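Engineer: Give the three-dimensional model of this entry:
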Amino acid sequence: MLELIHVNPSSGEPIYRQLHEQIVRLIVGGQLQPAQVLPSVRQIAELLSVNPMTVSRAIQQLVEQGWIVRQRGQPTRVAATQPNHSHSGIELLQRTITELVEQAKQLGVPLEDLQQALKDKWQG
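Structural biologist: Coordinates of the predicted model:
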């Protein structure tokens, strides 16, 4: 699971939010299954070279939203039933799509070229 998470400290978006969004994507996308054990806060922090408090903040938000469950003395797990969020993959990508389209327009990239680049990346 940890190999699927990447943070960018210079992105301008807080690291805890990057972690939160990526874990939600992994759950919605099925890479993290219900009841699957997550690595500890310390393990995540060490691998990503971030402060454990940052990881703890992301985990706490996920617990509060019902994505994961945490009980004292037990490993943190993906919740058996997901919260009543109507998240789809496209909904989770909206911000990224908006940024990509804005950048493509600024660079003068035609829609057809952008579509082809996406198709090539998808298939490659």
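Engineer: Determine the longest helix present in the chain.
Structural biologist: When the chain is parsed with DSSP state H, its longest helix is helix 89-107.
Engineer: from the chain's centre, how far out does that one sit?
Structural biologist: Centroid separation for helix 89-107 versus its chain: 16 Å, with Cα atoms, centre = their mean, to the nearest Å.
Engineer: Return the helix or strand in this protein with minimum mean pLDDT.
Structural biologist: helix 89-107 (a mean of 83; mean pLDDT, DSSP states H and E).
Engineer: Taking helix 89-107 as reference, get the angle to the helix or strand just after that one.
Structural biologist: The element immediately downstream of helix 89-107 (helix or strand, assigned by DSSP states H and E) is helix 111-123. If you take axes from the mean of the first three to the mean of the last three Cα atoms, to 10 degrees, helix 111-123 sits at 130 degrees to helix 89-107.
Engineer: which parts of helix 111-123 are buried?
Structural biologist: Leu114 (16 or more other Cβ atoms under 10 Å). In short, each C-beta sits where N, CA and C put it, glycine included.
Engineer: Average pLDDT for it, rounded please.
Structural biologist: Along helix 111-123, the predicted local confidence has a mean pLDDT of 92.
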